[in-house]
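1. here is a sequence together with a model predicted from it:
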Amino acid sequence: MARTVIPFGPQHPVLPEPIQLKLELEDETVVGVMPIIGYIHRGIEKAAELNDFRQNVFICERICGICSFIHALTYCEGAEAMTSVEVPPRARFLRVFWSELSRTHSHLLWLGLLADSMGFESLFMQIWRAREMILDISEMTAGHRIIQSTCIIGGVRRDIDKEMAKEVDKRLLAFKEMLDSTIAPVLLRDPTIKRRAVGKGMLSKEQAELLGAVGPTSRGSGVAIDIRQTGYAAYKEVGFEPVVETAGDSYARTLVRAREVYQCVELMRKALSMMPEGEILVRVDGYPEGEAMSRTEQPRGELIYYFRGNGTNNLERLKIRTPTFANIPTLLVMLPGCEMADVPVITLSIDPCIACTER
Amino acid sequence: MSTGWLIGSAVIAVIVAPLIGGLLRGIDRKLTAHMQGRIGPPIMQPFYDVIKLFGKERCVAGKAQLVFGYAYLTLIVTAVVFFALRQDLLVVLFILFLGCIFLAIGALSVKSPYSQLGGHRELLQFLAYEPILLLAVVPIALKLQSFRIATIFESGQPLLPHLWLSFIALLIVLAIVMRKSPFDISSSEHAHQELVRGLVTEYAGPYLALIEIAHWYEMVLLLSILGLFWVVGSLWWLSIIIALGSWFIILIVDNISARLTWSWMLRFTWVAGISLIGSNILFINLGWM
Amino acid sequence: MGILSTSRMKSPWLLHFDCGSCNGCDIEILAALTPLYDIERFGIVNMGNPKHADVLLVTGPANHRNYRVLRNLYQQMRDPKGVIVVGTCGCTGGVFHNCPNVLGGIDKVIPVDVYVPGCAARPEAIIDAVVLALGKLKAYGK
Amino acid sequence: MPWMFPTIWKNLFSRPVTRRYPFKDIREPFPGYRGKIYFDTNKCDLCGDCARVCPAEAIEVDSENKQIKYYPFRCIYCGTCVETCLQGAITQDEHYSPPNTEKIEELYKIEA
Ligand code: SF4
Ligand code: SF4
Ligand code: SF4
Ligand code: SF4
Ligand code: SF4
Ligand code: SF4
Ligand code: SF4
């Protein structure tokens, strides 16, 4: 067969988000990839200059619904730095809790989509069934399944009392039990999954560093970088070790995420048990002035917000750099030379998220 | 058996086969849903789908594709008729192959790259299972000295004890024809695949319904061939159980495995299929089976 | 009720298009397919192909780049067809109402049959909306 | 392959976990779910704070005609207005706002 160009997207069931990949194929081997973007651009950075800086929390949180809480957190951390607000300790621990809750549901979502892209429907269903347990916790603690909307400048909007913490703990244990019994064994051992993922989409440690990959994509190649190590929110007190795999293929990236789910559960339980008593929200007087940066670890990697304020209600500039933006170049290394059938798996393995990349 | 009776059974087969096929698809979806912890659609769902498709607005990508689509359906029905008339098994299979090739050519006749790749894959898939299917009937002939289905009915002894290796090879073929994991490479049942139901992307509305019905015929035909491995006069229900049992095994395998790539599929079906059937033939010749 | 309209009610195939949403509503649509909500109970299947679909589920506000894709998809769908907008931002622009690249609600581009408010809309609300949209499919041709 | 088998086999013979919405097994939202917004026309003093803080511009306070217009299809159900209103005139229900075939708006005539 001659060279064909397949438009992959912008509407395609394997990629829930609209991005177009123009795949150049020779027979079924991919020889070139050209991502075409912009389908989801809303102009949020500009909108953030038009709105009151407190309202921006709600926009930032809807840059993307999957790690929505972490976007809000990153925004708030920066805005708090600019307005010199000290967040009460209890709020910092609660922020860790909801961050990890987002991460858990994001990783599960991704593991499910991966199974689905491999045509493993029953595993997809089981993973999403387990994910509902996490969403229930989200609804119970934050009042919504997806958009937690609990983080605002100066602290958090909702508290988790003792009784609810106990209930959450119980649900987390049940969730872990379900992971152990039905999902982890399949992900770790199933030969068909391994056949589809092992050795596919290789990214060496050097390439990962050179291309500036972040998050699980880099950790799957043995680069032990996790922004949570900088100790924002209460991560310093809670403490953790980044999850690293060294193989550098799609399977290694899968394992990183699968192991991080366990890590998240531990972090959530720790955050709830170590949480001190006290205030959860302080008043914010004053307006953003000067410049600030804030960095957090999203499920997909490092998220950076840059702020510039001029002492008024509105920000002068808000710039967001998202993990997928840093990870897309790695696709250009991974895809050429692979089979058409492996394209979805490899593309998914960096967990591309267009919503926040294009904002 | 009288000719009149045979013709009657052929007519019944043509009418009943799609009903059975559709019903099996419905049960298939229900069982799959239950295995995944869901309720799933009603058992009559495939019929609703097909009737609805007939009520959709017509649209064709190309006249040629339509012709190929109709040819596919007609040939599959012919194969079913020949089977019901208890003709030569080889003839039935060749008509079936011809039908499948028309389906692939139909997909290749439109410009859409998805359809093209889907057609291409269908041909590859075809390459994977057709030789196995053909070879699998050879041991039958070796055993009975004839390819005629009527002979199998007359022989009065079950084939399965002698031919269980070929039977396993046929199970692989069945999985491919039912487009189940790990072999659903050209048109996955649940569209979540890189080709978006590649093979049938360009068929829409009533035409998609016809293709669906042809699939039902095809599945029932294959199940009947599997059933042939146990036809003993009074124990005829055992052959139905065997066919349904095989069908159930395929369902289970579908739910516990991921889709594999076509290159792997080709290798697997050839190596496994040929070695299974080859050893079967060998054993027959050695008089062990 | 004829057998055809019964079948239409029983077999709405979905096409999902993310028109610049934040993923919040998209994952709720996916969640509606999974065991706890299982909209396949109603014969609903998520088709990846506009030519096969009966109901278009759109999330997110239309923007200057993707509205053409949206219109194309809508035109490729065969009658009878329905459109459901899931989520506040697809209904009116919601929180993105003043973003410079946002056109506003989906109804500025294609006709919409059912609006689902909520940010993100719950799977229950999505089920309700499909039930409402079926009304239109049922009335087709009468 | 074999590692998925116990799960599907167990599922096959147990009751599906599906919540049979809208027929039965309807699960009520958890307390504190951020649902529909209601205004108390007796308490409101038309100060307009809620409209100012709303990130989606879903509230219009018209102090001249003494009315509040609320757009459920613009609202993102964040609950900020509820927290802001000093009179406690806004409440948030635990049930989501229902889908509709047209984008209705709600008009509240303020009595005070
Ligand atoms: S950032 Fe987006 S909205 Fe702003 S000018 Fe550029 S394209 Fe337009
Ligand atoms: S932000 Fe832009 S200008 Fe600055 S280093 Fe990066 S690419 Fe260069
Ligand atoms: S990284 Fe992905 S999931 Fe997270 S906010 Fe961005 S688009 Fe959403
Ligand atoms: S910064 Fe680069 S990407 Fe952005 S508008 Fe300028 S040239 Fe284009
Ligand atoms: S309605 Fe809200 S949750 Fe849904 S896509 Fe829009 S912003 Fe995201
Ligand atoms: S509802 Fe409350 S905040 Fe809004 S105008 Fe009335 S009193 Fe003011
Ligand atoms: S809940 Fe939020 S979006 Fe809705 S009216 Fe209140 S402030 Fe506005």
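-> Yep, that arrived. Ligands and ions are numbered 1, 2, ... in the order given.
2. which one is residue 42 nearest to, not counting chain neighbours?
-> Using chain A. Distances taken as CB to CB, 6 or more residues apart in numbering or on different chains place C:Cys99 nearest to A:Arg42, at 4.4 Å, with adjacent residues excluded. C-beta: built from backbone N, CA, C; applies to glycine.
3. ah, I was thinking of chain D
-> Nearest residue to D:Asn42 in three dimensions, chain neighbours excluded: D:Glu111, at 6.1 Å (CB to CB, 6+ apart).
4. so what touches the helix or strand that contains A:Gly290?
-> Assigned by DSSP states H and E, A:Gly290 belongs to strand A:289-298. The contact list for strand A:289-298 (CB atoms under 8 Å, 6 or more residues apart in numbering or on different chains) reads A:67, A:70-71, A:73-75, A:77-79, A:81-83, A:99, A:103, A:215, A:226-228, A:230, A:232, A:302-311, A:322-323.
5. count of neighbours near D:Phe23?
-> Per other CB atoms under 10 Å in any protein chain shown, the neighbour tally for D:Phe23 reads 8.
6. could I get the pLDDT score of it?
-> On the pLDDT scale, D:Phe23 is placed at 71.
7. likewise A:Pro10?
-> pLDDT at A:Pro10 comes out at 61.
8. what residue is smack in the middle of chain C?
-> Nearest to the geometric centre of chain C sits C:Leu57, at 1.7 Å (CA atoms, centre = their mean).
9. distance of C:Glu40 from B:Gly21?
-> In this view, C:Glu40 and B:Gly21 are 20 Å apart by CB to CB, to the nearest Å.
10. no wait, B:Leu142
-> 31 Å.
11. same thing with A:Gly215?
-> Separation of A:Gly215 from B:Gly21 (CB to CB): 48 Å.
12. the helix-or-strand element of chain C with minimal mean pLDDT vs chain B: in contact?
-> Evaluated with mean pLDDT, DSSP states H and E, the helix-and-strand set of chain C has its lowest mean pLDDT in helix C:3-10, which scores a mean of 75. Yes - using CB under 8 Å from any CB of the partner chain, a contact is recorded between helix C:3-10 and chain B, made by C:Ile3, C:Leu4, C:Thr6, C:Ser7, C:Arg8, C:Lys10.
13. still on that earlier bit, out of B:Leu142 and B:Gly21, which sits in the busier spot?
-> When B:Leu142 is set against B:Gly21 and neighbours are counted by other CB under 10 Å, the residue ahead is B:Gly21, at 22 against 14.
14. per-residue pLDDT, that one?
-> With respect to pLDDT, B:Gly21 has a value of 86.
15. same check on D:Lys36?
-> On the pLDDT scale, D:Lys36 gets 85.
16. columns neighbour count and distance to A:Pro185 on top of the residues of helix C:3-10 next to chain B, output as CSV?
-> As requested, the residues of helix C:3-10 next to chain B are exported to CSV (neighbours: other CB atoms under 10 Å in any protein chain shown; distance: CB to CB, whole Å):
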residue, neighbour count, distance to A:Pro185
C:Ile3, 12, 46
C:Leu4, 14, 47
C:Thr6, 14, 43
C:Ser7, 22, 41
C:Arg8, 26, 43
C:Lys10, 20, 37
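17. got these as JSON lines, with distance to B:Arg29 columns?
-> Below are the residues of helix C:3-10 next to chain B laid out as JSON lines (distance: CB to CB, whole Å):
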{"residue": "C:Ile3", "distance to B:Arg29": "20"}
{"residue": "C:Leu4", "distance to B:Arg29": "21"}
{"residue": "C:Thr6", "distance to B:Arg29": "18"}
{"residue": "C:Ser7", "distance to B:Arg29": "16"}
{"residue": "C:Arg8", "distance to B:Arg29": "19"}
{"residue": "C:Lys10", "distance to B:Arg29": "13"}
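18. before we move on, back to that, briefly note if the helix or strand where the residue nearest to the centre of chain C lies comes near ligand 5.
-> Per DSSP H and E: C:Leu57 is located in strand C:55-59. Yes - residues of strand C:55-59 are located near ligand 5 by CB under 6 Å from any ligand atom, namely C:Thr59.
19. which other helices and strands does the helix or strand following that strand contact?
-> With elements assigned by DSSP H and E, the helix or strand that comes after strand C:55-59 is strand C:62-63. Secondary-structure packing of strand C:62-63 (3 or more CB pairs under 8 Å, 6 or more residues apart in numbering or on different chains; DSSP states H and E): strand C:102-104.
20. quick check, the residue in the stretch 1-150 of chain A closest to ligand 7?
-> Ranked by CB to the nearest ligand atom, the top residue of the stretch 1-150 of chain A for proximity to ligand 7 is A:Phe58, at 7.4 Å.
21. residue ranges for the helices of the stretch 51-200 of chain A, please.
-> A:56-61, A:68-82, A:89-117, A:121-142, A:162-178, A:184-189, A:191-197 (DSSP state H, counting those that start in this stretch).
22. quick one: list the elements packing against the fourth one.
-> By that I understand helix A:121-142. helix A:89-117, helix A:162-178, helix A:184-189, helix B:3-35, helix C:24-33, helix D:5-12.
23. re the thing from before, now the helices of the stretch 51-200 of chain A in JSON lines, with mean neighbour count?
-> Shown next, in JSON lines, are the helices of the stretch 51-200 of chain A (neighbours: other CB atoms under 10 Å in any protein chain shown):
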{"stretch": "helix A:56-61", "mean neighbour count": "27"}
{"stretch": "helix A:68-82", "mean neighbour count": "26"}
{"stretch": "helix A:89-117", "mean neighbour count": "26"}
{"stretch": "helix A:121-142", "mean neighbour count": "24"}
{"stretch": "helix A:162-178", "mean neighbour count": "15"}
{"stretch": "helix A:184-189", "mean neighbour count": "18"}
{"stretch": "helix A:191-197", "mean neighbour count": "21"}
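24. now distance to C:Pro50 too, for the ones you listed, in a markdown table please.
-> Listed next are these as a markdown table, based on distance: least, CB to CB, whole Å:
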| stretch | distance to C:Pro50 |
| --- | --- |
| helix A:56-61 | 31 |
| helix A:68-82 | 29 |
| helix A:89-117 | 20 |
| helix A:121-142 | 22 |
| helix A:162-178 | 37 |
| helix A:184-189 | 33 |
| helix A:191-197 | 28 |
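25. residues contacting D:Glu106?
-> Contacts of D:Glu106 by CB under 8 Å, 6+ apart are D:Lys69, D:Tyr70, D:Tyr71, D:Pro72.
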